[in-house]
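Trainee: just need the structure, nothing else, for what follows:
(one chain, ligands or ions: 1)
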Amino acid sequence: MKTEHELYIISGPSGAGKSVLCKKLLEKYPNFIFSVSYTTRKPRSLEIEGKDYFFINKSEFLRGIKTNRWLEWAKVHDNYYGTCANFVQSGLNKKNKILFDIDSQGTEQIVKAYPNAVTIFIMPPSNEALKNRLKKRGSDSSETIEKRLLNAAKEVEKKVIYKHIIINDQLDKAFDRLCAIINKTEKI
Ligand code: 5GP
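Mentor: Modelled structure (predicted):
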């Protein structure tokens with residue numbers, strides 16, 4: 001039985017602050033690598049191909065489903081998102097720790113394959129805070145924001161499947177909790 005934890009999954013509604021927490025974590029722990037997802041969503045203004053996502057078209061994504069290219073995949077907010085199976089396998093072969101920013105549908109699929117995966121759900125402090133963060137981001141139309149808020153409510157219901165829940169009220173405190181979870185699981 002493997003006791004080592006190699007896979008760390010971070011989920012939470014859009015706007016809960018997952019990307020900032022992931023970025024800080026990758027800066028602090030050099031043995032972590034980030035699983036850059038593939039998506040059919042259009043890039044936002046500051047997003048970089050290969051760093052934030054690999055942006056691909058729908059037909060390439062659907063072909064990837066047929067050829068088992070994805071370790072997991074899901075349709076979120078009308079777009080497809082998937083994790084590259086080869087990337088994860090080669091990361092594990094190199095004894096890296098792999099960080100994922102994926103939704104609950106993807107988490108369920110990865111946990112089925114890797115029951116030792118460490119799963120962490122990031123909660124916004126309130127619905128109001130979430131709305132403000134999404135608006136402040138300025139990258140989505142009001143229709144998209146409404147869709148994301150509806151989806152956020154559904155996503156929050158899924159928090160029960162996660163081993164850890166962090167409320168991102170203050171970024172520094174949330175990050176300290178994240179580090180505490182990682183340090184503890186690394187010692188097991
Ligand atoms: P966004 O479009 O805001 O970057 O992401 C929307 C949602 O898709 C977020 O909840 C994010 O965690 C999730 N997501 C991003 N990449 C993946 C992936 O590869 N697989 C799954 N299942 N969800 C993903």
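Trainee: could you use CA atoms for every contact and neighbour count after this?
Mentor: Fine.
Trainee: all strands of the chain, in order?
Mentor: Here the chain has its strands, by DSSP state E, at 7-11, 32-34, 37-39, 53-55, 70-76, 79-84, 97-101, 118-123, 164-167.
Trainee: got these as CSV, with mean neighbour count, mean pLDDT and distance to the ligand columns?
Mentor: Formatted as CSV, the strands of the chain follow (neighbours: other Cα atoms under 10 Å; pLDDT from 0 to 100; distance: least, Cα to the nearest ligand atom, whole Å):
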stretch, mean neighbour count, mean pLDDT, distance to the ligand
strand 7-11, 24, 97, 5
strand 32-34, 19, 97, 11
strand 37-39, 22, 98, 4
strand 53-55, 18, 98, 8
strand 70-76, 19, 96, 4
strand 79-84, 20, 98, 4
strand 97-101, 21, 97, 5
strand 118-123, 24, 96, 10
strand 164-167, 18, 96, 15
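Trainee: for the helix or strand of the chain with the lowest mean pLDDT, packing partners?
Mentor: Using mean pLDDT, DSSP states H and E, the weakest-scoring helix or strand in the chain turns out to be helix 127-137, at a mean of 82. Judged by 3 or more Cα pairs under 8 Å, 6 or more residues apart in numbering; DSSP states H and E, the packing partners of helix 127-137 are helix 142-157.
Trainee: what residues of the helix it packs on count as buried?
Mentor: 145, 148-149, 152, 155-156 (16 or more other Cα atoms under 10 Å).
Trainee: with stretch 169-188 instead?
Mentor: Residues 174-175, 177-179, 182 are the ones in stretch 169-188 that count as buried (16+ other Cα under 10 Å).
Trainee: nearest to Lys95 among those?
Mentor: Closest approach to Lys95 among these (Cα to Cα): Ile182, at 15.9 Å.
Trainee: coming back round to it: out of the buried residues of helix 142-157, which is nearest to Lys136?
Mentor: The nearest one, if we look at the buried residues of helix 142-157 relative to Lys136 and count by Cα to Cα, is Ile145, at 10.8 Å.
Trainee: now for the closest one: which residues touch it?
Mentor: Listed by Cα atoms under 8 Å, 6 or more residues apart in numbering, the contact set of Ile145 reads 131, 134-135.
Trainee: okay, the residues you listed in JSON lines with neighbour count and distance to Thr119 next?
Mentor: Conversion of these to JSON lines gives the following (neighbours: other Cα atoms under 10 Å; distance: Cα to Cα, whole Å):
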{"residue": "Lys131", "neighbour count": "18", "distance to Thr119": "25"}
{"residue": "Leu134", "neighbour count": "21", "distance to Thr119": "24"}
{"residue": "Lys135", "neighbour count": "15", "distance to Thr119": "28"}
